[in-house]
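Q: Could you look at this predicted model? Sequence included:
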Amino acid sequence: MQVDSPGPGPRRRARGAQPSAPATGGRAAARKSRKPPKRRGLRILAYTTAGLVLVTGGTFGYLYEKLNGNIKHSALFAGTSGDAGHETPDAFGRTPINIMVIGSDQRDNAADCAIGGDCGPGANADVEMVLHVSADRSNATVMSIPRDLETQLPGCTDTQNHTSMKPHRDMINSTLDYGPGCTVAAVHQLTGIPIDHFMMVDFTGVVQMSDAVGGVPVCVDNNVYDPYSHLKLKKGNHTLQGMAALEFVRTRHGFGDGSDLGRTVSQHMFLSSMVRQLKSAGTLTNPAAVLSLANAATKALTVDNGLSGITNLVGLANDLNKVPANRITMTTMQNEPDNVKGEDGRVLVAPAAKNLFSAITNDVALTTGTGDKSSAAASATSTADPNAPSPTPAPATSSAPPAAPSGAPKSEIAVHVKNGSGVAGRAGDLATALKAAGYNSATSAANATVTAETSEVTYTAGREADAQEVAASLGLPASAVKPGEGPGITLVIGKDWTSGTTFGSAPAGGSGSGAPAAAPAPVNTQQALSNSDAQTADDSTKCAQVSTQDTVAINGVGMSPIKAYDKSPSVQDSAP
């Protein structure tokens, strides 16, 4: 059986294999040691589907006690310092819920190995989604994190398997090799979003659950054949069950630009259709169907200790079942290509993503009551894009980010970034973010000679406006801009800013300095959804966009999935 062709990223490591430590210039050596995996197939929304099956069901009070025995569980957080963050209650004392939904590519049992691929120990998180349910349970957001994202990873200890890793820079999906709690730690460090629970699902769950709901309706805008995932469908509408559903959510080469990002969009379509199926009349009023769904989901599910047990899952299901489909927003974290030589196919966090992180952290709805994209906060100052339009900006104060000053163009400002936070890799992350925001390519990164309690931007004579511009770009308060001795514009990262590339996005209490977390800036919801392929779960009008590029090959000849369909009449279609 053919399997998905290798994509960029590290080979799944056997547990306990130590990654190369990049802290002392070993990044290049670490890259040389990476080998392409035998298989990179994203194991679908089965992963996420299993999680959302349980959180959209709503009426499982009568489920058989035996289902408790199906569910595996482990600790929520495996980072070597800090925790997974804490929610802020609203005026009525209600708190939102953020769930890390993880799809594991591990194949350590006969059922998973039978599907094909690289069997054995070790795992990568090939699906990572943050599911946010608002405090008032009126809306929800599902944010996909690209599996090919290159970022600074935290130190982790997997107490179950007695392995650990040191902080280093790598692809975020590699964290699962040290347990789901390590993935939670990495996502919290990256986004600043508090994570309350996780759900991890193995990819056989999609086969079982698509069968349990009687199939998932999808649409493709052209004929498609991906010989790697084996998906073959005629243009039009189809109802996918079993392996056909797995093939659809696995296909990377068939949709969009043939990358993992194009696959994420089709997965959102699949998941939205699954949500509509679950909420449709009759699906959840049939006890036999509900039991079949619950049995399939719980067998494929690993959760944190706080969710273990059917009672806890039923409560969670009831919460999300209150959210109408037109107020569930599916979106992808904004990202940009990693242009470093040797990192082809990998991506970095785009500055606009900070708006999306802030919207989730601050429980800001991305839809209105009618399901339209929210514009209630669109005129507010963006936490990541200080140049975003702001018709009614709040006046600057000493505790708020300074207004964009009339300094030199960003392209003429080189920033010397010095890491005094005590967390490895921070200077590189901030320097990369500044250059991505348009600052001069001479922007540099280095370690400070001593640790610093607070972050600041210093400037030499005549360059205060430039320093204010840098502070505004990073969300630093006006009080952080100070005269200095040089060189030029210098950013010193302190212990009050240990994660994220926008000041104030770090998890509360994560600095270790005892300083209170900075007050969050208002969220620009328009920017939060820009370039994110957002859609709501009630949208049944979209078809998956089949790639028109030469993303597949048959007998060594490259061609589009459309042409591959015509060239393969002997291959049976995945579904009628």
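A: Nice, thanks for sending it over.
Q: ranges for the strands of the stretch 101-250 of the chain?
A: Remark: strands assigned in the stretch 101-250 of the chain by DSSP state E, counting those that start in this stretch are 125-133, 140-144, 150-153, 156-158, 163-165, 168-171, 197-202, 216-220, 224-226, 231-233, 236-240.
Q: now what about the fourth one, what contacts it?
A: Applying CB atoms under 8 Å, 6 or more residues apart in numbering, the external contacts of strand 156-158 come out as 15, 78-80, 163-165, 175, 178-179, 181-182, 185-186. C-beta coordinates here come from the backbone N, C-alpha and C atoms, glycine included.
Q: if we go to 7 Å?
A: With CB atoms under 7 Å, 6 or more residues apart in numbering as the test, strand 156-158 has contacts from 78, 79, 80, 164, 165, 175, 178, 179, 182, 185.
Q: Please produce TSV containing those residues, extended by distance to residue 208.
A: As requested, the contacts of strand 156-158 are exported to TSV (distance: CB to CB, whole Å):
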residue	distance to residue 208
78	28
79	33
80	36
164	34
165	32
175	26
178	28
179	24
182	27
185	30
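Q: Between those residues, which sits nearest residue 288?
A: residue 179 (35.4 Å; CB to CB).
Q: returning to that earlier point: compile the strands of the stretch 101-250 of the chain into TSV and extend it with columns for mean neighbour count.
A: Shown next, in TSV, are the strands of the stretch 101-250 of the chain (neighbours: other CB atoms under 10 Å):
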stretch	mean neighbour count
strand 125-133	26
strand 140-144	27
strand 150-153	22
strand 156-158	21
strand 163-165	20
strand 168-171	21
strand 197-202	27
strand 216-220	21
strand 224-226	28
strand 231-233	27
strand 236-240	17
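Q: re the thing from before, mark which of the contacts of strand 156-158 are part of helices, please.
A: Among those, DSSP state H puts 182, 185 in helices.
Q: Of the contacts of strand 156-158, just say which sits nearest to residue 263.
A: Closest to residue 263, out of all of the contacts of strand 156-158 and judged by CB to CB, is residue 175, at 20.1 Å.
Q: Surely that closest one is in contact with residue 183?
A: Yes - judged on CB atoms under 7 Å, residue 175 makes contact with residue 183 at a distance of 4.5 Å.
Q: okay, and the common contacts of the two?
A: residue 125.
Q: Let's have the contacts of strand 156-158 in JSON lines, adding pLDDT and distance to residue 236.
A: JSON lines is the format used below for the contacts of strand 156-158 (pLDDT from 0 to 100; distance: CB to CB, whole Å):
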{"residue": "78", "pLDDT": "95", "distance to residue 236": "45"}
{"residue": "79", "pLDDT": "95", "distance to residue 236": "47"}
{"residue": "80", "pLDDT": "93", "distance to residue 236": "52"}
{"residue": "164", "pLDDT": "93", "distance to residue 236": "51"}
{"residue": "165", "pLDDT": "94", "distance to residue 236": "47"}
{"residue": "175", "pLDDT": "93", "distance to residue 236": "39"}
{"residue": "178", "pLDDT": "93", "distance to residue 236": "44"}
{"residue": "179", "pLDDT": "92", "distance to residue 236": "43"}
{"residue": "182", "pLDDT": "95", "distance to residue 236": "42"}
{"residue": "185", "pLDDT": "95", "distance to residue 236": "44"}
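Q: Quick one: buried ones out of the contacts of strand 156-158?
A: Buried members of the contacts of strand 156-158, counted by 16 or more other CB atoms under 10 Å: 78, 79, 164, 165, 175, 178, 179, 182, 185.
Q: now, among the residues you listed, which is nearest to residue 554?
A: residue 175 (35.8 Å).
Q: pLDDT weak spots in the stretch 351-500 of the chain?
A: Counting by pLDDT under 70, the stretch 351-500 of the chain contains low-confidence ranges at 369-371, 374-407.
Q: right, I mislabeled it, should have said the chain
A: The model of the chain has pLDDT under 70 over residues 1-66, 105-122, 203, 281-287, 341-343, 369-371, 374-407, 504-523.
Q: Just give me the longest helix of it.
A: Max-length helix for the chain by DSSP H is helix 260-279.
Q: Quick check: which helices or strands does that helix pack against?
A: Secondary-structure packing of helix 260-279 (3 or more CB pairs under 7 Å, 6 or more residues apart in numbering; DSSP states H and E): helix 44-56, strand 216-220, helix 242-250, strand 328-332.
Q: which secondary structure elements does the third one contact?
A: Contacting helix 242-250 under the criterion 3+ CB pairs under 7 Å, 6+ apart are the following elements: helix 44-56, helix 204-212, helix 260-279.
Q: Swap in 8 Å and give it another go.
A: For helix 242-250, the packing partners by 3 or more CB pairs under 8 Å, 6 or more residues apart in numbering; DSSP states H and E come out as helix 44-56, helix 204-212, strand 231-233, helix 260-279.
Q: hey, C-alpha coordinates of the last one in CSV?
A: Extracted as CSV, the C-alpha positions of helix 260-279 are listed here (Å, rounded to 0.1, in the frame of the first residue of the first chain):
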residue,chain,number,x,y,z
ASP,A,260,0.2,20.9,4.4
LEU,A,261,-1.5,24.3,4.6
GLY,A,262,-3.8,23.4,1.7
ARG,A,263,-4.7,20.2,3.5
THR,A,264,-5.7,22.2,6.6
VAL,A,265,-8.4,24.0,4.7
SER,A,266,-9.9,20.7,3.5
GLN,A,267,-9.8,19.4,7.0
HIS,A,268,-11.8,22.3,8.2
MET,A,269,-14.4,21.6,5.6
PHE,A,270,-14.5,17.9,6.7
LEU,A,271,-14.7,18.9,10.4
SER,A,272,-17.4,21.4,9.7
SER,A,273,-19.4,18.8,7.9
MET,A,274,-19.0,16.4,10.8
VAL,A,275,-20.3,19.1,13.2
ARG,A,276,-23.3,19.6,11.0
GLN,A,277,-23.9,15.9,10.9
LEU,A,278,-23.7,15.7,14.7
LYS,A,279,-26.1,18.6,15.1
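Q: After that helix, which helix or strand is next?
A: Using DSSP states H and E, the next helix or strand after helix 260-279 towards the C-terminus is helix 287-299.
Q: With that, I have no additional questions.
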